[in-house]
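**Student:** Take a look and give me a structure for this.
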Amino acid sequence: MRRLVVLVWLTAMIVFPVHAQAQAPTMVYGGGTGTFGRDLDGNGDVEASQFGMGVTILGNGSARGHFLCLMAGRSDIGPFPVMSVSGPTMTGFLAADSTATFSGIATVNLGNGQIFRGIPFQVTVSRGGPGVGTLRLTVVGVFDGGPGDTTVGNGNYDLPTETVTSGQIAIG
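**Tutor:** Numbers count the residues shown, from 1 in each chain. The predicted structure is shown next:
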């Protein structure tokens, strides 16, 4: 009888592997500055941003936390001399390549009195400090074709990947 129980258990483990269990929460946090590494708007400046995040990605695909990206002053892009994207996160996942992607709903402030609320965003990050960590922000449904948009025509503002220049991004 004992052998039969062990055999049934082993068969169940092969047919129904343990990966169906919920994944442990993943913390994604950090802040600093990043650079796009090139002039996105043709004004002679290499654009950059300041960023901060504190996100917990839960095993069920949801996420809790907050994200902020600020492009202002030394990091203005074309017609956006000031642009902040700030909001709570709602969904997220950790990919096999150890990058983390999370999304939420932001307030986008252009600093000139134009404020857009309820704007979806998505961020993909990789861990690391200067020269290693990366961040890629997509603002969904607005600014398609703006300076630096990497996928013109999809309705979104898909910024290129930034590399951390100060600070760091941690995933764990």
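
**Student:** When you work out contacts or count neighbours from here on, use the C-alpha atoms and nothing else.
**Tutor:** Fine.

**Student:** OK, contacts around the residue nearest the centre of the chain?
**Tutor:** The residue lying closest to the centre of the chain (Cα atoms, centre = their mean) is Val123, at 1.8 Å. Counting by Cα atoms under 8 Å, 6 or more residues apart in numbering, Val123 makes contact with Thr101, Phe102, Ser103, Leu135, Arg136, Leu137, Thr138.

**Student:** where do the helices sit along this protein?
**Tutor:** With DSSP state H, the ranges of helices along the chain come out as 2-15.

**Student:** mind showing which ranges of it have poor pLDDT?
**Tutor:** Within the chain, the ranges that satisfy pLDDT under 70 run 1-22, 73-76.

**Student:** What number of residues are in the vicinity of Gly172?
**Tutor:** Close neighbours of Gly172, defined as other Cα atoms under 10 Å, add up to 13.

**Student:** again, but for Thr165
**Tutor:** When neighbours are counted by other Cα under 10 Å, Thr165 registers 20.

**Student:** just the one 5 residues further on next, same as before
**Tutor:** As a burial measure, the neighbour count of Ala170 was computed by other Cα under 10 Å and equals 18.

**Student:** Test my guess that it contacts Arg127.
**Tutor:** Yes. Assessed by Cα atoms under 8 Å, Ala170 is found in contact with Arg127 at 5.0 Å.

**Student:** returning to that earlier point: list the ones among the contacts of Val123 that fall in strands.
**Tutor:** By the criterion of DSSP state E, membership of these in strands covers Thr101, Phe102, Ser103, Leu135, Arg136, Leu137, Thr138.

**Student:** which residue sits closest to the residue nearest to the centre of the chain, ignoring its sequence neighbours?
**Tutor:** Closest residue to Val123 apart from its sequence neighbours, by Cα to Cα, 6 or more residues apart in numbering: Leu137 at 4.6 Å.

**Student:** do you know how far the one you found is from Gly113?
**Tutor:** 23 Å (Cα to Cα, to the nearest Å).

**Student:** and what of Val82?
**Tutor:** For Val82, the distance to Gly113 (Cα to Cα) stands at 11 Å.
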